[in-house]
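1. Fold the stuff below for me.
(2 chains)
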Number of protein chains: 2
Amino acid sequence: MTGGTADDGPVASARGDGTTRRRGRPPRTESAGTRDRILDAAREEFSARGYEKTSVRGIAKAAGVDSALVHHYFGTKEQVFQAAVEVAFAPAFAVRDTIVEGPVEEAGERMTRMIIGLWESPVTRAPLLAIVRSAVNNETAAGVFRRLIAGQLLRRIAGGLEVPDAELRAELAAAQLVGIAMIRYVIKVEPLASADPEQIIRRVAPVVQGHLTGR
Amino acid sequence: MTGGTADDGPVASARGDGTTRRRGRPPRTESAGTRDRILDAAREEFSARGYEKTSVRGIAKAAGVDSALVHHYFGTKEQVFQAAVEVAFAPAFAVRDTIVEGPVEEAGERMTRMIIGLWESPVTRAPLLAIVRSAVNNETAAGVFRRLIAGQLLRRIAGGLEVPDAELRAELAAAQLVGIAMIRYVIKVEPLASADPEQIIRRVAPVVQGHLTGR
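-> This next block holds a predicted model:
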């Protein structure tokens, strides 16, 4: 459901367990609800303000909890951001197996549909915009982006290709889709900004496929 | 040399001429040097702080002049930004004729070389980064980007294509290059971040060409 459990677990333990019991620390039964509420608040704060202007204190205030509780569940601001990004990209991580496991000659279309679909959905577009803005402006946020997108999503796609330079190929394919996201959804240049999504997919999927498996 | 003369001229006249002589307005002979000094200061301020955090007052201070003089030469903050962007993109505007006027079957390689070349040069990379950061974060800056890049550069390239959907084609080609800039120079994802520029051009130029003239 919420991402980041695997990565944040040890951090949360290191901070929360084995130390003296802090004021505001919840009984175990409340944990899941509180954690989700903090994560929702974090997504909204990062979306509205970007990485640099968001503070753990601000997230805590928006979630109606003490700052110590945010640190308890997630660790540093960077780790809260990573958890929020993982939630935003959850649909992408969920379908990455689809990209890799279907017929390789249709991987380009599956990858293109997935990325365009994420940007077309009003639910995922706002957090994606926030992530792009933060990653472009802040080196720490860019690092989170690199680890999650490159380290997990692209390397996984590359792993399914069985061609030389698979990682470079996956990145050149991703570059086509990142550029379309920038021009269509971020800068909003016409006619691309208003083009029919299916028309874009028809034109771009063969290019993405070419990067992945061409020549 | 410096861009924006054509666009800013009328604005400067409307503000500077026909009104009562303002304190700090320079004699005509100083104009060029002062204007360039303000423009240099503006580029550094926008590069360092981004669009939102830069103020006309800060630019004036960095240039060692009165704020009124910045308004006199350029108009609003948006207009100073536009002039600074035009200077940063001057090499691109200078070579756009080369893109359009050479053999159309090599336009993809010329366009790819031009954009990669701009990002590879340490002189143009910093202002390009500043432009991208500003355009991603601020709607006014995005508008300047749209007008200059889409309105001038892309539409000019599209005009030389003589194919249906020329503007959409030019934007899909640009999207491939914008995405590479994002992944290689802004977010710095490996292996693309360290790949040899010639290798990138070899792989990407045919894709750009395909967008421009394919099928």
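2. any residue of the helix or strand hosting residue A:107 up close to chain B?
-> In this assignment (DSSP states H and E), residue A:107 forms part of helix A:107-120. No - using C-beta under 8 Å from any C-beta of the partner chain, we find that helix A:107-120 stays clear of chain B, coming within 10.8 Å at best. Placement of C-beta: from N, CA and C, glycine included.
3. which strands and helices sit next to that helix?
-> In terms of contacts (3 or more C-beta pairs under 8 Å, 6 or more residues apart in numbering or on different chains; DSSP states H and E), helix A:107-120 is packed against helix A:90-101, helix A:122-137, helix A:166-180, helix A:197-213.
4. These: which one's closest to residue B:37?
-> Closest of these to residue B:37 is helix A:122-137, at 27.8 Å (criterion: C-beta to C-beta).
5. What is the following helix or strand past the closest one packed up against?
-> With elements assigned by DSSP H and E, the helix or strand that comes after helix A:122-137 is helix A:139-145. For helix A:139-145, the elements it packs on are helix A:77-88, helix A:122-137, judged by 3+ C-beta pairs under 8 Å, 6+ apart.
6. Could you tell me the angle between the shortest one and helix A:122-137?
-> Looking back up the chat, that one is helix A:77-88. Using axes from the mean of the first three to the mean of the last three C-alpha atoms, to 10 degrees, the inter-axis angle of helix A:77-88 relative to helix A:122-137 is 140 degrees.
7. Enumerate the positions of helix A:77-88 that are buried.
-> Neighbour-count burial for helix A:77-88, counted by 16 or more other C-beta atoms under 10 Å in any protein chain shown, picks out A:77, A:79, A:80, A:81, A:82, A:83, A:84, A:85, A:86, A:87, A:88.
8. just those residues now: which is nearest chain B?
-> Nearest to chain B out of the buried residues of helix A:77-88 is residue A:85 (C-beta to the nearest C-beta; 12.8 Å).
9. which residues does that closest one contact?
-> Counting by C-beta atoms under 8 Å, 6 or more residues apart in numbering or on different chains, residue A:85 touches A:3, A:127, A:131, A:144, A:145, A:148.
10. What sits closest to the fourth one if chain neighbours are left out?
-> Just to be clear, that refers to residue A:144. Leaving aside its chain neighbours, residue A:144 sits nearest to residue A:82 (4.8 Å; criterion: C-beta to C-beta, 6 or more residues apart in numbering or on different chains).
11. is it true that the one you found touches residue A:145?
-> No - using C-beta atoms under 8 Å, residue A:82 is not in contact with residue A:145; the gap is 9.5 Å.
12. got the domain boundaries for chain A?
-> Split into domains by automatic domain parsing, chain A comes to A:5-76, A:89-213.
13. Tell me which of those sits nearest to residue B:111.
-> Among the domains of chain A, the nearest to residue B:111 by C-beta to C-beta is domain A:89-213 (13.1 Å).
14. Can you tell me which residues in chain A are near chain B?
-> A:50, A:132-133, A:135-137, A:142, A:145-146, A:149-150, A:154, A:167-168, A:171-172, A:174-180, A:182-184, A:186-192, A:195, A:200, A:203-204, A:207, A:210-211.
15. ok, of those residues, which come out buried?
-> For these, a neighbour count by 16+ other C-beta under 10 Å gives the buried set as A:50, A:132-133, A:135-137, A:142, A:145-146, A:149-150, A:154, A:167-168, A:171-172, A:174-180, A:182-184, A:186-189, A:192, A:195, A:200, A:203-204, A:207, A:210-211.
16. that older thread, can I get the contacts of residue A:85 in a markdown table including pLDDT?
-> Conversion of these to a markdown table gives the following (pLDDT from 0 to 100):
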| residue | pLDDT |
| --- | --- |
| A:3 | 37 |
| A:127 | 77 |
| A:131 | 81 |
| A:144 | 86 |
| A:145 | 83 |
| A:148 | 80 |
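17. for those, which one is nearest residue B:66?
-> For these, the residue nearest residue B:66 by C-beta to C-beta is residue A:131; the value is 41.0 Å.
18. give me the low-pLDDT residue ranges for chain A?
-> Applying pLDDT under 70 to chain A flags residues A:1-31, A:91-100.
19. Could you list the residues in contact with stretch A:185-192?
-> For stretch A:185-192, contacts defined as C-beta under 8 Å, 6+ apart pick out A:119, A:125, A:128-129, A:132, A:180, A:183-184, A:193, A:200, B:135-136, B:142, B:145-146, B:149-150, B:154, B:167-168, B:171-172, B:175.
20. about what we covered before: in the helix holding residue A:107, which residues are buried?
-> Using 16+ other C-beta under 10 Å as the test for burial, helix A:107-120 gives A:107, A:108, A:109, A:110, A:111, A:112, A:113, A:114, A:115, A:116, A:118, A:119.
21. do stretch A:53-68 as well
-> Quick answer for stretch A:53-68 (16+ other C-beta under 10 Å): A:54, A:56, A:58, A:59, A:60, A:62, A:63, A:65, A:66, A:68.
22. Now intersect those with the strands, please.
-> Here DSSP state E is the test, and the buried residues of stretch A:53-68 give no hits in strands at all.
23. can I assume residue A:174 is in contact with residue B:179?
-> Yes - counting by C-beta under 8 Å, residue A:174 does reach residue B:179; the two are 7.1 Å apart.
24. gap between stretch A:151-163 and the chain center?
-> Taking the mean of its C-alpha atoms, stretch A:151-163 sits 17 Å from the chain's own mean (C-alpha atoms, centre = their mean, to the nearest Å).
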